[in-house]
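Engineer: I'll drop the sequence and a predicted model, then ask my questions.
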Amino acid sequence: MPQDKYSVFDEIIEGVQIVDSDWRYVYVNNTVALHGKYSKQELLGYTMMEKYPGIETTEMFASLKQCMTDRKHVQMINEFNFPDGSTGYFELRMDPVTDGVLILSFDVTKQKQAEYFLQHSNALLEEKVKVRTAELTAKNRELEQFAYIASHDLQEPIRTVANYIGVLKEDYSDQLDEIALKYLDVMNRANHRMSQLTSALLDYSRLGRDREIKTVDFSKLVKEVIDDLSQVITSSAAKITVEQLPTINAYEVEMRQVFQNLLTNALKFKKKKSAIAINISCKEKEEAWQFSIQDNGIGIDKIHFDRIFEIFQRLHQRDQYEGNGIGLANCKKIIELHRGHMTVESVVGEGSTFSFTIAKNIK
Amino acid sequence: MLVDDNPDDNFIHERVIRKNLVGIKVITQPSGLEALEYLKARSLHKEEHPDLIFLDINMPGMNGWEFLEEYRKLDKELQSRAIVVMLTTSDDPDDKTKAKLLGIPFDFQTKPLTKEMLDFVLEKYCSF
């Protein structure tokens, strides 16, 4: 019997079967018999078509045919339906042998299941991320709208207070003593400050509302910003060097504001004794352009690096350095509109470098 | 005529006008609808409309724009001299475009009404 010479395969855990050129079972081991519908005796001597009608149309049979004809190793993953109705996956390795083709089958059901599970959970995860992102976008929009409405509607009562402080002073000055007038001044100043803050917040919430992508020559844009600041630059004897800057797509009006804010900061936060030196440069990265504005000013302590980009955050007393504490928050928001990031590197007493990126593909 | 739902604003604006234009008659109306009724009544009696209307935009009920729509339909002869100054807190550019489309002699100013603003408007449009 030809199957005797293969009896060494009888007990191994992988399935082994040999079919001849007429697709007749020459040998099957115990595992194959266990997995299939039939016992060894029911298979041996019969053709595959007799036992599994329709098999000749399967992918597995096509591979088998290929192996039989070409006499070359063929490998595939086969989906197999067990008699109990469950599905298993087998890696089939077909090799030509003297009697026909030897099919070695490895059970890869577990791997296949894991793979399927992974794919499924990836898809699920992606779907979840999509939903969350949409929720976050909506929430962000709501917040922006809130900031806009709040800052817009607050202006009116603030203005009314200012008006009436004015009337009070005009009409009742002669009836108020020095202390009362001083109190009025304090109220007026605080109210003025509140007005500045709300209008800064209004501007912030409006940033990018009417943004428009243009091809921007940054050398030209930076030169214009420097020209606008020429008075401060001359009076503070600042030296500004501008390296070669690219011409790229950006929101021009908004980017002008970024340079204006960063340069104004560099000019403002200067060291008392040394002359201001500012360098503006740009490097091309794979997916973005990276701009840097380096100064030799007072620098920023590392612990404040995150804080400075938050709205209304100030590191200094107002009488020391003026400002609303919104400039860098504006810059950060604008850079995010450009799908970029804004960072700072700084050493106290040595200077700061503000860097930001503009994505090559803004939209 | 001052049209504003905020009496505090009306008070301040009336005060500025009275201080700077002696002997002028100032009428204040708390809403677009009441301002319109007032003008309609004047039309009925063939009385002239105010020379200058300061109009708030954001008012409950009939807002400034809706008032203007109705105002246009009134007797043209009686309002031949009337200038409308839109007074608002809004600096929305859309408002300005909208105002232009209405074809009414108008100006657009941000609140509050000040002496400087009054001088500017008077010099530009009126020759009392």
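Structural biologist: Good, I have the coordinates.

Engineer: residues near A:Ile158, how many?
Structural biologist: As a burial measure, A:Ile158 scores 19 neighbours (other C-beta atoms under 10 Å in any protein chain shown). Quick note: C-beta positions are derived from backbone N, CA and C, even for glycine.

Engineer: distance of it from B:Gly64?
Structural biologist: Separation of A:Ile158 from B:Gly64 (C-beta to C-beta, to the nearest Å): 21 Å.

Engineer: confidence-wise, which helix or strand of the chain is lowest on average?
Structural biologist: In the absence of a named chain, this looks at chain A. Least confident helix or strand of chain A, by mean pLDDT, DSSP states H and E, is helix A:30-35 with a mean of 86.

Engineer: meant chain B, my bad for not saying
Structural biologist: Per-element confidence for chain B was summarised using mean pLDDT, DSSP H and E. The lowest value among helices and strands belongs to helix B:93-101, with a mean of 66.

Engineer: and the following helix or strand past the least confident helix or strand of chain A, what does it pack onto?
Structural biologist: On the C-terminal side of helix A:30-35, the closest following helix or strand by DSSP states H and E is helix A:40-43. Packed against helix A:40-43 by the contact rule (3 or more C-beta pairs under 8 Å, 6 or more residues apart in numbering or on different chains; DSSP states H and E) you find strand A:25-28, helix A:30-35.

Engineer: to chain B, which of these lies closest?
Structural biologist: If you check each of the helices and strands packed on helix A:40-43 against chain B by C-beta to the nearest C-beta, helix A:30-35 wins as the nearest, at 74.3 Å.

Engineer: next, the buried residues of that closest one.
Structural biologist: By neighbour count on 16 or more other C-beta atoms under 10 Å in any protein chain shown, the buried set for helix A:30-35 is A:Asn30, A:Thr31, A:Val32, A:Ala33, A:His35.

Engineer: per-residue pLDDT, the closest residue to B:Val16 other than its chain neighbours?
Structural biologist: When the adjacent residues along the chain are set aside, B:Val16 lies closest to B:Leu113, with 5.3 Å between them (C-beta to C-beta, 6 or more residues apart in numbering or on different chains). Each residue has a pLDDT score; the one for B:Leu113 is 85.

Engineer: run through chain B and note the low-pLDDT ranges.
Structural biologist: In the prediction, chain B carries residues with pLDDT under 70 at positions B:75, B:77-81, B:89-97, B:99-105, B:126-128.

Engineer: who's sitting farthest from the centroid in it?
Structural biologist: Of all residues in chain B, B:His45 has its C-alpha farthest from the mean position, at 20.8 Å, by C-alpha atoms, centre = their mean.

Engineer: can you map out the strands along the stretch 201-350 of chain A?
Structural biologist: Counting by DSSP state E, counting those that start in this stretch, one finds strands in the stretch 201-350 of chain A at the ranges A:213-217, A:239-242, A:247-251, A:277-284, A:288-295, A:342-347.

Engineer: these: which one's closest to A:Phe269?
Structural biologist: Closest of those to A:Phe269 is strand A:288-295, at 7.7 Å (criterion: C-beta to C-beta).

Engineer: buried ones in that closest one?
Structural biologist: Within strand A:288-295, the residues that count as buried by 16+ other C-beta under 10 Å are A:Ala288, A:Trp289, A:Gln290, A:Phe291, A:Ser292, A:Ile293, A:Gln294, A:Asp295.

Engineer: can you give me the angle it makes with strand A:247-251?
Structural biologist: On the basis of axes from the mean of the first three to the mean of the last three C-alpha atoms, to 10 degrees, strand A:288-295 is oriented at 90 degrees to strand A:247-251.

Engineer: could you list every helix and strand that strand A:288-295 packs against?
Structural biologist: Partner elements for strand A:288-295 (3+ C-beta pairs under 8 Å, 6+ apart): helix A:252-268, strand A:277-284, strand A:351-359.

Engineer: wait, isn't B:Lys115 in contact with B:Val16?
Structural biologist: Yes: with contact defined as C-beta atoms under 8 Å, B:Lys115 reaches B:Val16; the gap is 6.1 Å.

Engineer: who has more neighbours, those two?
Structural biologist: Neighbours were tallied for B:Lys115 and for B:Val16 using other C-beta under 10 Å; the higher tally belongs to B:Val16 (20 against 11).

Engineer: returning to that earlier point: residues contacting the residue nearest to B:Val16?
Structural biologist: With contacts defined as C-beta atoms under 8 Å, 6 or more residues apart in numbering or on different chains, B:Leu113 is in contact with B:Ile12, B:His13, B:Val16, B:Ile17, B:Phe54, B:Leu87.

Engineer: of all those, which comes closest to chain A?
Structural biologist: Distances from chain A to the contacts of B:Leu113, taken as C-beta to the nearest C-beta, are shortest for B:Ile12 (4.6 Å).

Engineer: surely that closest one touches A:Asn163?
Structural biologist: Yes: B:Ile12 lies in contact with A:Asn163 (C-beta under 8 Å); the separation is 4.6 Å.
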